[in-house]
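Sequence first, then the predicted structure, then my questions.
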Amino acid sequence: MTIRRRARYNRFATWRLSSQGVAVQMRTRSRAAQRCGVALAGVIAVIVLLAVPVAAAPDAPRVTVTPASAVGGTTLTLAGSGFAPGQPMAVKCDDKTMATTPPVIVSDASGAFSATAAAPTGQPGPHELQVSDGTKTTAASFETTLTANISKTTTEAAPGTVGMELTVTGNGFSSGAKISVTADSDGESELATIGADEAGNFEVTFTVPPIEGGAHAIKVTDGTNTSEFSFVMESKAPAVPVTVGPKPGTKADQPVRFEWKAVTDPSGVTYSLEVATSADFADLVLEKTGLTGLRYEAAGDESLKPVIKETPYYWRVQAIDGAGNRSEWSAPAAFHLGFVLTLPNGEAALTMSAVLVYVAAVIAIGLLVLSFWLGRRSARRHAPSR
């Protein structure tokens, strides 16, 4: 801007202001008026400068990622501006080349572009997207997550059961990784395995195996990332088995056959059997676990020795369901045994009390003596006289 005094006559002065091709001419008279004229000219010059447009600086490159938080494997939208027109864009994520759609991105005439890409899988957390046209470079931050869900939530009020089916689904795990589902019962028990797809997604269904009642953790992992669910197994004990025989106070035959009535449970039931020489079962003579039938025969090496009624055996049985829940023991039932005589062929057996065995032995010996005596007598009678 320039301010020039053009002429002075009769105490008048003419002033010309010019800026950006705009000219303003004023005429002043006295010196004071002249000074006011200069000030006014400056104000007018400022107004002129503000009114004249100034060339804008070039836009700085900018890129956005939408959404800013996404499950791994889902689609991200990339939008950029402020780049050089008609230039191919180099796109990286965490300093690694990122696959996009379209595969080759070219900025338009205004230096903008738009594209899509899949969010990284198996890497939950913050990430940085870098975009460059070869001269200008910019970056944007976003984050990825992974999710896992189980088909049924169990609680103490609504527990799970052995044999029920559960389905676990996951998204954003490592692409193509082996997915392992485990439970924390007796260490890490593997329930199922499956491979994740390219986007890190999977779905696997499995049957709950026998595990102890109470709270457990079901874990899903791809070896790097892990999700965990709470699983509550039912803790209701099965009913007490009803004993059938030997009945209390009776004499049992050898081999002794223990029988009881069935107990039912959705998870399945096995039985434990104990035989002892005392009612408190401190001195066990026979103990069997994991029995699936409703009877057990103590034979062979497990045969019980004969006892009298005054010092009987005691037996009881217990039910255990598939979740390890145990019933109370049945009431102790006392029984006694006689002696066992096995026939020469080894197949048949004769059972009798101690008294009967003693009497039978005496009779047998008596018969042998009598037979011997009668034979001698008959021999003497028929012998020829001399």
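Yep, it's here. Numbering: from 1, shown residues only.

helix or strand for the residue nearest to Lys251 when sequence neighbours are not counted, which one?
Closest residue in space to Lys251, ignoring its immediate chain neighbours: His336 at 5.4 Å, by CB to CB, 6 or more residues apart in numbering. C-beta: built from backbone N, CA, C; applies to glycine. His336 is part of strand 333-337 when elements are defined by DSSP states H and E.

what's the spacing between the residue nearest to Lys251 and Arg257?
Taking CB to CB, to the nearest Å as the criterion, His336 is separated from Arg257 by 15 Å.

of these two, who's got more company?
With neighbours defined as other CB atoms under 10 Å, His336 and Arg257 compare such that His336 has more, 19 against 15.

Gly195 is in contact with Gly176, correct?
Yes - the pair Gly176 and Gly195 qualifies as a contact (CB atoms under 8 Å) at a distance of 6.4 Å.

Between these two, point out the one with more neighbours.
Taking neighbours as other CB under 10 Å, Gly176 and Gly195 compare with Gly176 leading, 14 against 11.

who touches the more buried one in this structure?
Contacts for Gly176 were tallied using CB atoms under 8 Å, 6 or more residues apart in numbering; they are 195-198.

Show me what counts as buried in stretch 133-149.
Along stretch 133-149, these residues count as buried under the neighbour rule (16 or more other CB atoms under 10 Å): 133, 136, 138, 140, 142, 144, 146, 148.

can you pull the contacts of the second one?
By that I understand Lys136. Contacts for Lys136 were tallied using CB under 8 Å, 6+ apart; they are 60-61, 82-84.

in the stretch 201-350 of the chain, which spans are strands?
Secondary structure of the stretch 201-350 of the chain, counting by DSSP state E, counting those that start in this stretch: strands at 202-207, 214-221, 226-233, 243-245, 250-252, 256-260, 269-276, 284-291, 295-298, 313-321, 333-337, 339-342, 349-352.

by contact count, what packs against the fourth one?
Strand 243-245 is packed against strand 256-260, strand 313-321, with contacts defined by 3 or more CB pairs under 8 Å, 6 or more residues apart in numbering; DSSP states H and E.

so where's the stretch 251-386 of the chain uncertain?
Within the stretch 251-386 of the chain, the segments meeting pLDDT under 70 span 339-359, 373, 375-377, 379-386.

Recalculate using a threshold of 90.
When the per-residue scores of the stretch 251-386 of the chain are filtered using pLDDT under 90, the ranges that remain are 266-268, 299-301, 322-324, 338-386.
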